[in-house]
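*Asks:* Build the 3D model from these lines:
(chains A and B)
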Amino acid sequence: GESVGLHLPTLSVQEGDNSIINCAYSNSASDYFIWYKQESGKGPQFIIDIRSNMDKRQGQRVTVLLNKTVKHLSLQIAATQPGDSAVYFCAERNQGAQKLVFGQGTRLTINP
Amino acid sequence: KAGVTQTPRYLIKTRGQQVTLSCSPISGHRSVSWYQQTPGQGLQFLFEYFSETQRNKGNFPGRFSGRQFSNSRSEMNVSTLELGDSALYLCASRPSDGASGNTIYFGEGSWLTVV
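*Replies:* Reported below is the predicted structural model:
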């Protein structure tokens, strides 16, 4: 079945450093990918998305990279700040389905 | 523009009872979907509604049901509650039109505890 997984369940980085969160997906038919940030006690917050016809997309301090050859997705956060501490989820959508499949999440901790 | 609004935010129910959760999507959004989030299973899709019709359903028992009203507001119901139904129930909405149709926005969720 389809699945989306994360290589690392936890990640700790120093404030100001860049962080990279990785995600592997198994469904080659997925055509749309999203990264969400979830802070404690809150719902997932949309960060950035990317379609399968792209390999890179940049936002404010964030970049998403998509490698369809190895079915890998990554989220890069530049100059991390304490407010970046959260759990980050990747999600994929199959064009034929109307649902998102989420990974288990990576907890990002920013050390002062 | 207001975000996705869910009520109630917190509730405690007893095994065997039933519960109804409510969701108001972002204004103009016609698609509403529901997800269950638990520490063990992560985020799992329950169902999606568009124009009052269920378009897709996840792998949950029939005790989980939902509906959507003409104003796009949605409710989900869980009957005969079990301890394992304790979770954060998240509602999400999307425009379902053009290039922005895929972006899905979540509410803050309803925390359900079954005792």
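*Asks:* A:Leu108 in helix, strand or coil?
*Replies:* strand (DSSP: H, G, I helix; E, B strand; the rest coil).
*Asks:* Count the neighbours of it for me.
*Replies:* Neighbours of A:Leu108 under the rule other CB atoms under 10 Å in any protein chain shown: 21. Every residue, glycine included, has its C-beta placed from N, CA and C.
*Asks:* Show me what it bridges to in the sheet.
*Replies:* Bridge pairing for A:Leu108 (DSSP bridges) gives the partners A:Leu11, A:Ala86.
*Asks:* do B:Thr113 as well
*Replies:* Beta-bridge partners of B:Thr113, counted by DSSP bridges, are B:Ile12.
*Asks:* ok, how many other residues are close to residue 104?
*Replies:* With no chain named, the answer covers chain A. 17.
*Asks:* not what I meant, chain B
*Replies:* By other CB under 10 Å, the residues close to B:Ile104 number 25.
*Asks:* now swap in A:Ile20 and tell me
*Replies:* Neighbours of A:Ile20 under the rule other CB under 10 Å: 14.
*Asks:* just checking, it touches A:Ser74?
*Replies:* Yes: using CB atoms under 8 Å, A:Ile20 is in contact with A:Ser74, at 5.7 Å.
*Asks:* Name all residues that make contact with B:Ser24.
*Replies:* By CB atoms under 8 Å, 6 or more residues apart in numbering or on different chains, the residues touching B:Ser24 are B:4-6, B:73.
*Asks:* One more pass at 10 Å, please.
*Replies:* B:2-7, B:32, B:69, B:71-74, B:91, B:93, B:107 (CB atoms under 10 Å, 6 or more residues apart in numbering or on different chains).
*Asks:* ok, now B:Cys23?
*Replies:* Residues near B:Cys23 by CB under 10 Å, 6+ apart: B:4-7, B:32-34, B:49, B:66, B:68, B:72-76, B:89-93, B:107, B:109-110.
*Asks:* so which of those are also by chain A?
*Replies:* Among the contacts of B:Cys23, the residues within reach of chain A (CB under 10 Å from any CB of the partner chain) are B:4, B:6, B:33, B:49, B:90-92, B:107, B:109-110.
*Asks:* Would you list the buried entries among the contacts of B:Ser24?
*Replies:* The neighbour-count criterion (16 or more other CB atoms under 10 Å in any protein chain shown) marks B:3-4, B:6, B:32, B:72, B:74, B:91, B:93, B:107 among those as buried.
*Asks:* From the residues you listed, which land in strands?
*Replies:* Under the assignment DSSP state E, those contribute B:6, B:32, B:74, B:91, B:93 to strands.
*Asks:* B:Gln18 contacts B:Glu75, correct?
*Replies:* No: taking CB atoms under 10 Å as the definition, B:Gln18 is not a contact partner of B:Glu75, at 11.9 Å.
*Asks:* who's more crowded, these two?
*Replies:* Legend: neighbour count by other CB under 10 Å for B:Gln18 and B:Glu75, higher for B:Glu75 (17 against 11).
*Asks:* and the gap between that one and chain A?
*Replies:* Distance of B:Glu75 to chain A, given as CB to the nearest CB, to the nearest Å: 17 Å.
*Asks:* Now for that residue: which residues touch it?
*Replies:* Applying CB under 10 Å, 6+ apart, we find B:Glu75 in contact with B:20-23, B:32, B:34, B:49, B:65-69, B:91.
*Asks:* now A:Met54, nearest residue through space, not along the chain?
*Replies:* Spatial nearest neighbour of A:Met54, excluding adjacent residues (CB to CB, 6 or more residues apart in numbering or on different chains): A:Leu66 at 6.6 Å.
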